[in-house]
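Engineer: no sequence for this one, just the structure:
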């Protein structure tokens, strides 16, 4: 009985870790895109940036840049300020254990956008290496 209680507490503690801090071994069944999708739906650039690699490729409505985590957060924050998200739907995911990608539809500011995200596993946690937001 004591073991079951400890196992439940350990499981719940893992769910309560801040965004981006969830250690995940490749192939452990953890879906990295669940919290990322949540932050896209909310338009929460601050929480989403916790998942960014130190430097990433960012393309927002045809403006492309190699950006630091801070620069990418500011660019996304400006996008979300002018395009308030109303919903995000994942349309496709695929990849291998250490690299995954997502394609999704973002409804924001009365427009529809296609979102593409590539994540890689670094130091036992997933990081966004590339994020693209294009008009449909």
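Structural biologist: Nice, thanks for sending it over. This structure is a prediction, so every number in the text was calculated from the model and none was measured.

Engineer: number of nearby residues for residue 49?
Structural biologist: Applying other C-beta atoms under 10 Å, we find 21 residues neighbouring residue 49. (Each C-beta comes from the backbone N, C-alpha and C, glycine too.)

Engineer: now do residue 116
Structural biologist: The number of residues near residue 116, taken as other C-beta under 10 Å, comes to 15.

Engineer: quick check: it touching residue 129?
Structural biologist: No. With contacts counted by C-beta atoms under 8 Å, residue 116 stays clear of residue 129, the gap being 11.3 Å.

Engineer: give me phi/psi at the most centrally placed residue in the chain?
Structural biologist: By C-alpha atoms, centre = their mean, the chain has its centre lying nearest to residue 36, at 3.0 Å. Dihedral angles of residue 36 (phi, psi; degrees, to the nearest 10) stand at phi -60, psi -40.

Engineer: is it correct that it is in contact with residue 127?
Structural biologist: No. Between residue 36 and residue 127 there is no contact under C-beta under 8 Å: 10.8 Å.

Engineer: now for the two: what residues contact both?
Structural biologist: Residues touching both residue 36 and residue 127 (C-beta atoms under 8 Å, 6 or more residues apart in numbering): 51, 119.

Engineer: ok, which stretches of this structure are strands?
Structural biologist: 52-60, 63-68, 85-96, 99-108, 111-122, 125-135 (DSSP state E).

Engineer: looking at the ones you listed, which is nearest to residue 75?
Structural biologist: strand 52-60 (5.8 Å; C-beta to C-beta).
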